[in-house]
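Student: structure, please.
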Amino acid sequence: MEQQLFAVREDGRFMPARALERLQEVETRARSAPLPVRAEFLTQLSTVRMRLGQNDLAMQLADELITYARLHKSDVALAKGMLSKAYITFARNERRASHLLAFEAEKIANRTDDLPVRVQATISAGQSLAEEGNFPFALAKLQAAVDLARQSNSPSSLAAALNALTLLHTQMREYDKGFEVLDELLAVSATLASPGRMAQAKNTEYGLALDAQQPQRGQRALLAALALERQLGARGMVAVTLVNLSDSYLKENDYARALRYAHEAITAGRLVNNEQVEATARLNIGQALIGQGHLQEGKQSVATGLAYYERTANQPDMQAVLLEYGMALEKAGDMRGAVTAYHRERGISNQLFEKQRQKAVYELQEKYAAEKKQRQIELLSRENQLKSTEIDNRRLQQRVWWLLALVLAMASVIVGLLYRKVHHANVQLKVKNQELKRQSSRDPLTALYNRRHFQEFMRSHAGKPLPAYAGADVVGALFLLDVDHFKHINDRYGHAAGDLVLTTIAETLHDVLRETDMIVRWGGEEFLAFLPAVARDGLDDIARRILNGIAAQDVHYQGQAIQVHVSVGFAPYPLAPQGRPLTWERSVNLIDMALYLAKAHGRNRAYGLRGFQQVERTTLEAVEQDLERAWRDGFVDLSVVLGGTNVTDGADTASAAHRRQADASDGVAAAAII
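Tutor: As a prediction, this is how the structure comes out:
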């Protein structure tokens, strides 16, 4: 039975349908076998069900295994059950819960002498840390997994650990180290005589080569993987590799091959009921058609693919898809469509940023609440001690009257000390409250005000008149900034460089604006400035000062100079079409549309909404939906301010679009690499 299960294990990884048939054939015998065999059977059956998309059945089997393991007090079986549950939870897009299960499984596995289980658990913990962005700890875990795998004398465990370590070096952009580990991975995989393991290694090579700007090597690796997968009959892997090939040729602007492989991927995806493969193939078909000039047909195909991501509510993947789509439309000259795609992408980005910010605030509040609770416990303990002392004093008073004065004196001293400590605790509590309030209103990276503070400020000041200055047309003003090609900066230099860019821009805004102006970290790479009182005819000059001030900053990171530009949308505040002031939310939405006009027309520039004309001939909703058309029809007055070091002509915009498409990866590609 052990030998049979060992033989089925590889099928379960690469051909789950065939593995399920073989497992069902031995199910009766396996369930009545000794504990180690039954635990291995339940593990494999749960994994196969998950790989076939039957997550509910897979979870029932994992829970059965965990219950069985606890009943028989087997840490090996319990670790296997927890790992199975972690993988199923991940498949359900519940990442944080999956990570916690993986960490718990590692603790349990480390209590055993079963090296393969320990290797698997350590790999899973390392991958979880990497998914949370904790690369240093992830690296330590995966290096430890490789060391354990060498001790286990299990080539398959070593291949799994080397594969995970290669992927991590790819994420960390340590490409030289990644290729070193990859060489060993390919050598070990060759000794296994397993087409599936070698195909997996080739998919990992594709991801590394693509990120290391070696697209030809990546395509060769994918084609080799496809041949192995077809030889093996691994239909699920074939579908994923086909859609990755389509994406690879799309990034090379080889639209004919991109279309060919995308159509093959749809057919293969339907055979294994993989909706994500088909959706991603539709997106690739749409972008290829747009690249060939078939704009409307391409848009329809993209809309079909996007429907899947909207239905599954996968916000990070949706954001990446919209960014690629906007770039494709911009390159094709459809500026209106590009602005719409960018606007949707920015909305998702802001939602994700707000969730991260709220999570940080909640964690801070929880930490503070725990500290406050601990202080209360300590204070209560002191009070109890005081009461106990008073009881003892009364007893002593009854027995030895001549010690009364001394006891009262000691009690007075204790009360005095306690009063001082309570007073000190109250002072510290007040300081902590003030600190919490400050931190909840500030962005932790840039120390600028955050969106929540600005929203509260605007709500509390709604309807209040602006200061009046004699003889001057003074208005408030709103400026919304977005860093140009920020994703490219993160992808090329790393997130630490991106953080440095954001803090540099924050410092520059403090320099070019006044102390009385409110500067806000509005989103991931967006900033908003509220100027309470400025001359109406000076708004263009302020926009020019912002553009040139930021463009003049060379951000130096690890010996490299990063040139930074921003696009800006701005308007006086309040905006008042037909004499009716708009809410601040509606004003921000309009300058957001102006910002995206700046993006679509070349970046490193500012578009300012000066006011409205003949707005009674249209509707404000129509203006908000298509600001550019309203401008061309004469309903709004826009000013355009170019950055002083503007270098983004049409050719540069196209190449930048290609770079951002080449750096983005869709969810299916990531799934194939994993």
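Student: buried sites along stretch 247-260?
Tutor: For stretch 247-260, the neighbour count (16 or more other Cβ atoms under 10 Å) marks 247, 248, 249, 250, 251, 254, 255, 257, 258, 259, 260 as buried. All C-beta atoms are positioned from the backbone trio N, CA, C, and that covers glycine.
Student: and the gap between the fourth one and residue 327?
Tutor: What it means is residue 250. Plainly put, residue 250 is 12 Å away from residue 327 if you go by Cβ to Cβ, to the nearest Å.
Student: the second one too?
Tutor: Computed as Cβ to Cβ, the residue 248 to residue 327 distance reads 17 Å.
Student: cool, residue 219 as well?
Tutor: Relative to residue 327, residue 219 is positioned 21 Å away (Cβ to Cβ).
Student: neighbours around the closest residue to residue 242 other than its chain neighbours, how many?
Tutor: Counting by Cβ to Cβ, 6 or more residues apart in numbering, residue 265 is the residue found nearest to residue 242 once chain neighbours are left out, at 3.8 Å. Residues near residue 265, counting by other Cβ atoms under 10 Å, number 29.
Student: strands along this structure, start to end?
Tutor: Ranges of strands within the chain are 449-450, 474-483, 518-521, 526-535, 554-557, 560-563, 566-573, 605-612, 636-642, based on DSSP state E.
Student: from the contact counts, what lies against the second one?
Tutor: Packed against strand 474-483, as judged by 3 or more Cβ pairs under 8 Å, 6 or more residues apart in numbering; DSSP states H and E, are the following elements: helix 495-512, strand 526-535, helix 539-551, strand 566-573, helix 584-600.
Student: try 10 Å this time
Tutor: In terms of contacts (3 or more Cβ pairs under 10 Å, 6 or more residues apart in numbering; DSSP states H and E), strand 474-483 is packed against helix 335-399, helix 495-512, strand 518-521, strand 526-535, helix 539-551, strand 566-573, helix 584-600, strand 605-612.
Student: mean pLDDT for the ones you listed: which is lowest?
Tutor: Least confidently modelled of those is helix 335-399, at a mean of 62 by mean pLDDT.
Student: one step back: farthest-apart pair in the buried residues of stretch 247-260, please.
Tutor: 251 and 260 (15.2 Å; Cβ to Cβ).
Student: confirm for me that residue 52 is in contact with residue 17.
Tutor: Yes: using Cβ atoms under 10 Å, residue 52 is in contact with residue 17, at 6.6 Å.
Student: can you list residues touching both of those two?
Tutor: 236, 272 (Cβ atoms under 10 Å, 6 or more residues apart in numbering).
Student: looking at the two, which is more packed in?
Tutor: The neighbour count for residue 52 versus residue 17, taken as other Cβ under 10 Å, is higher for residue 52 (17 against 14).
Student: phi and psi next, for the more buried one.
Tutor: Residue 52 adopts backbone torsions of phi -90, psi 0, taken as degrees, to the nearest 10.
Student: OK, contacts around it?
Tutor: Contacts of residue 52 by Cβ under 10 Å, 6+ apart are 16, 17, 19, 20, 58, 236, 272, 273.
Student: so what's residue 571 bridging to?
Tutor: residue 478 (DSSP bridges).
Student: just to revisit the earlier point, could you dump the contacts of residue 52 into JSON lines with pLDDT and distance to residue 323 added?
Tutor: Output for these, formatted as JSON lines (pLDDT from 0 to 100; distance: Cβ to Cβ, whole Å):
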{"residue": "16", "pLDDT": "81", "distance to residue 323": "33"}
{"residue": "17", "pLDDT": "81", "distance to residue 323": "36"}
{"residue": "19", "pLDDT": "80", "distance to residue 323": "38"}
{"residue": "20", "pLDDT": "86", "distance to residue 323": "39"}
{"residue": "58", "pLDDT": "91", "distance to residue 323": "33"}
{"residue": "236", "pLDDT": "85", "distance to residue 323": "28"}
{"residue": "272", "pLDDT": "80", "distance to residue 323": "28"}
{"residue": "273", "pLDDT": "81", "distance to residue 323": "28"}
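Student: just the ones in helices from those residues, please.
Tutor: Among these, DSSP state H puts 16, 17, 19, 20, 58, 236 in helices.
Student: buried residues, stretch 312-331. List them.
Tutor: Within stretch 312-331, the residues that count as buried by 16+ other Cβ under 10 Å are 314, 317-331.
Student: out of these, which one has the weakest pLDDT?
Tutor: Lowest in pLDDT among the buried residues of stretch 312-331 is residue 314, which has 61.
Student: flag the shaky bits of the stretch 401-550 of the chain, pLDDT-wise.
Tutor: 401-409, 411-413, 415-419, 421-440, 461-472 (pLDDT under 70).
Student: and if we set it to 90?
Tutor: 401-447, 450-475, 487-499, 514-517, 522-524, 532-537 (pLDDT under 90).
Student: would you mind measuring from residue 187 to residue 201?
Tutor: Per Cβ to Cβ, residue 187 is found 10 Å from residue 201.
Student: who has more neighbours, these two?
Tutor: Neighbour tally, residue 187 and residue 201, criterion other Cβ under 10 Å: the higher count belongs to residue 201, 27 against 12.
Student: so what's the closest residue in space to the more buried one that isn't next to it in sequence scoring on pLDDT?
Tutor: Excluding the flanking residues, the one nearest residue 201 by Cβ to Cβ, 6+ apart is residue 189, at 4.4 Å. Model confidence at residue 189, expressed as pLDDT, equals 93.
Student: residue 189: neighbour count?
Tutor: Under the neighbour criterion other Cβ under 10 Å, residue 189 is assigned a count of 25.
Student: list the contacts of residue 231.
Tutor: 195, 196, 199.
Student: actually residue 605, not the one I typed
Tutor: Shown in contact with residue 605 (Cβ under 10 Å, 6+ apart): 484, 543-544, 547, 565-568, 597-599, 640-643, 646, 648.
Student: kindly write the ChimeraX command that selects the buried subset of those.
Tutor: For the buried members of the contacts of residue 605, the matching ChimeraX selection, counting by 16+ other Cβ under 10 Å, is:
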select :484,543,544,547,565,566,567,568,597,598,599,641,643,648
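Student: the residue nearest to residue 37 when sequence neighbours are not counted: neighbour count?
Tutor: Closest residue to residue 37 apart from its sequence neighbours, by Cβ to Cβ, 6+ apart: residue 1 at 5.2 Å. By the criterion of other Cβ under 10 Å, residue 1 has 14 neighbours.
Student: correct me, but residue 1 touches residue 29?
Tutor: Yes: using Cβ under 10 Å, residue 1 is in contact with residue 29, at 6.3 Å.
Student: okay, and the common contacts of those two?
Tutor: Common contact partners of residue 1 and residue 29 (Cβ under 10 Å, 6+ apart): 37, 38, 41.
Student: residue 232: which of these is nearest?
Tutor: residue 41 (23.2 Å).
Student: no further queries at this time; thank you.
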